[in-house]
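Any chance you can model this:
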Amino acid sequence: MDDDSTLAWASRVKPQELDVRPFHPTTLPMLRKVAMIGVPMDLGGGRRGVDMGPSAMRIAGLEEGVRRMGLEFEDRGNIAVPQLESRVPRDPKARFQEEIARCCRRLRSRVERILEDGAFPLVIGGDHSIAVGTVAAISSHHHRRKEKVGLLWFDAHGDMNTPQSSPTGNIHGMPCAMCMGRGPEELTHLGERYPMVDVGNVAIVGVRDLDANERAEIRAAGVQVFTMREIDLLGMTEVLRRALAIVNLGTVGFHLSFDLDGTDPSVAPGVGTPVAGGTNFRESHLVMEQAHETGRLLGLEVTELNPILDERNKTAEAAVQLVLSAMGKRIL
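Coordinates of the predicted model:
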């Protein structure tokens, strides 16, 4: 961010204003069954390969790892996504908007079915544009119960562009803004609630690469952003304490949207848009562990795994272990 966005930016919500008492795990049913959906989406980005992410996670032993924890696991297959070569983007400012919206509507339906079945939704991408469908499902499911949800967004990028601010028109740089109602109606109104999540219940963690106009979008939205500078200054434990307080304030729980490029390339080299200087191995796992330990994690998605850029499936294997941490795997 700009030079004037120092520790004060992350401290806009003062620690003393946050309810930092332990969250009560009994708020949500105990996790017993995980249902996975793959979304081989690569229409939202500018680099091919992330469509193979769900397959790479399966090959890396995701199902076996979850089952070893004593949890049930159901692989509900992939969402159908059109091949990029068969499509021409109609709007260069929001490339493949119609196709992405159709896929996200299908994803919303499938995720809602998982929630209605009492299972935990695990969505594996694909590029980060899929988050609009996942969040629409979780928000709608709880909106019908007169409940609000929070959103914890872990990412090297803000994903807060709109078609007007984006230098590329790639929608994978816009989904966080869309979840808060900023962007094309075709995507911002995918759920039964508008906006899907309130800006005061969104925290973005791990940011270190923003487009020039995106900074203005972040300030205009008023969303809470914790950059890598804040993680360096405060430590990951304090950043997560503040972020989790935000996403849980007045909500039934929160969804965690985890872009693998939030981690450092030394941990996850095979991602769509790698950026140096990300979280290390333990910091990345701490995000997952702390999310689980709140007892209020409503859903999880992992995005931007690109096997073409990976090293012997290293990133997929790391991603599997990160998912297991979010499912409750402990060191001791």
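
residues contacting residue 38?
53-55, 57-58, 77-79, 124-126 (Cβ atoms under 8 Å, 6 or more residues apart in numbering). Heads up, the C-betas are built off the backbone N, CA and C, glycines and all.

now residue 96
Residue 96 sits in contact with 43-44, 84, 87, 89, 171, where contact means Cβ under 8 Å, 6+ apart.

How about residue 324: what's its closest non-neighbour residue?
residue 65 (5.1 Å; Cβ to Cβ, 6 or more residues apart in numbering).

and residue 199, how many neighbours does it have?
16 (other Cβ atoms under 10 Å).

In terms of pLDDT, where does residue 4 sit?
Per-residue pLDDT puts residue 4 at 39.

what do you get for residue 92?
So residue 92 comes in at 89 (pLDDT).

Surely it touches residue 170?
No. In this structure, residue 92 is not within contact of residue 170 by Cβ atoms under 8 Å, at 10.3 Å.

Now restrict the contacts of residue 96 to buried residues only.
43-44, 84, 89, 171 (16 or more other Cβ atoms under 10 Å).

neighbour count winner among residue 92 and residue 170?
Between residue 92 and residue 170, counted using other Cβ under 10 Å, residue 170 has the larger neighbour count: 23 against 10.

my read: the more buried one touches residue 44, true?
Yes. The pair residue 170 / residue 44 is scored as a contact, 6.1 Å apart, by Cβ under 8 Å.

related to what we said a few turns ago, closest one of the buried ones among the contacts of residue 96 to residue 268?
Within the buried ones among the contacts of residue 96, distances to residue 268 taken as Cβ to Cβ reach their minimum at residue 44, with 18.7 Å.

Grab the nearest non-local neighbour of the closest one.
Nearest to residue 44 is residue 129, by Cβ to Cβ, 6+ apart, at 3.1 Å.

and the one you found, which of the three is it?
helix (DSSP: H, G, I helix; E, B strand; the rest coil).

Please report the distance of residue 130 from residue 227.
24 Å (Cβ to Cβ, to the nearest Å).
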